[in-house]
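Visitor: sequence first, then the predicted structure, then my questions.
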Amino acid sequence: GPFNVCINTPLNFPQASGVVLDNIDLLQYILFSNPADTLGSILATSNTPSFAFNPATMQTGVTYYIAAIAGNNLNGNVDLNDPCLHISNAIPVTWQSLPTVTFSAANPEVCAGACTTVTANFMGTAPFTLTYTTPAGTAMQTFSGNTGTFQVCTAAGASPGSFSVEATALTDSFCTCD
């Protein structure tokens with residue numbers, strides 16, 4: 001870590017190594033929100049080193065922490081009151097929102113064979129790679145900021161009027177939407 005993970009992707013991290021447990025101990029993993037109050041801020045517990053984003057208890061863009069925890073087995077969970085309780089160093093993790101894009105055109109009415117400029121407005125973390133379809137076909141372009149423009153041209157024999165632009169894939173610094 002630290003990890004940056006898309007909300008649609010579970011966080012899978014390396015299993016704790018070098019752990020020595022006695023016959024009444026258990027190893028689990030915890031996801032928590034406050035490193036100054038680890039046990040008081042546990043949001044989730046797992047028997048495997050994997051956590052998924054939970055919108056009921058978590059927010060995107062907020063740093064959470066993961067750690068391995070070992071102690072006496074109490075009904076299938078680590079006993080948080082075990083005097084020999086051990087918690088590994090915390091690893092920060094931040095779940096990132098999926099990027100989005102909206103399109104606008106100053107002049108959406110285009111004559112046959114003519115071109116117009118389309119503005120793409122992005123939400124997410126630049127740079128963005130956008131794959132899109134237009135009347136002229138499919139294109140891919142990278143944008144360094146949260147706003148960018150590109151040309152859309154209609155075919156010479158096309159009927160005049162409005163046109164369609166559709167995003168088919170979008171990637172930002174952290175996530176990909178298809």
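Guide: Everything's here; your move.

Visitor: which sections of this protein are below the confidence cut-off?
Guide: Regions of the chain meeting the criterion pLDDT under 70 cover residues 1, 160-161.

Visitor: may I have stretch 44-62 exported as CSV, CA atoms only?
Guide: Extracted in CSV, the C-alpha atoms of stretch 44-62 (Å, rounded to 0.1, in the frame of the first residue of the first chain):
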residue,chain,number,x,y,z
ALA,A,44,-15.6,-4.7,8.4
THR,A,45,-13.8,-8.0,9.3
SER,A,46,-12.8,-10.7,6.9
ASN,A,47,-11.2,-14.1,7.1
THR,A,48,-9.4,-13.4,3.8
PRO,A,49,-7.3,-10.4,2.8
SER,A,50,-10.0,-8.9,0.7
PHE,A,51,-12.6,-6.1,1.2
ALA,A,52,-15.2,-4.6,-1.1
PHE,A,53,-16.5,-1.0,-1.1
ASN,A,54,-19.7,-0.7,1.0
PRO,A,55,-21.6,2.5,0.2
ALA,A,56,-23.7,2.1,3.4
THR,A,57,-20.6,2.5,5.7
MET,A,58,-17.9,4.1,3.4
GLN,A,59,-17.3,7.1,1.2
THR,A,60,-15.2,7.5,-1.9
GLY,A,61,-12.1,9.6,-1.6
VAL,A,62,-11.8,8.9,2.1
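
Visitor: tell me how many other residues crowd the nearest residue to F3 once chain neighbours are set aside.
Guide: Among residues not flanking F3 along the chain, V93 sits closest, at 4.3 Å (Cβ to Cβ, 6 or more residues apart in numbering). In this view, the C-beta of every residue, glycine as well, is placed from N, C-alpha and C. Residues lying near V93 (other Cβ atoms under 10 Å) number 20.

Visitor: same check, this time on A68
Guide: 21.

Visitor: that one: what secondary structure?
Guide: Taking DSSP: H, G, I helix; E, B strand; the rest coil as the rule, one finds A68 in the strand state.

Visitor: so who does it touch?
Guide: Applying Cβ atoms under 8 Å, 6 or more residues apart in numbering to A68 gives the contacts 16, 19, 27-29, 49, 87-88.
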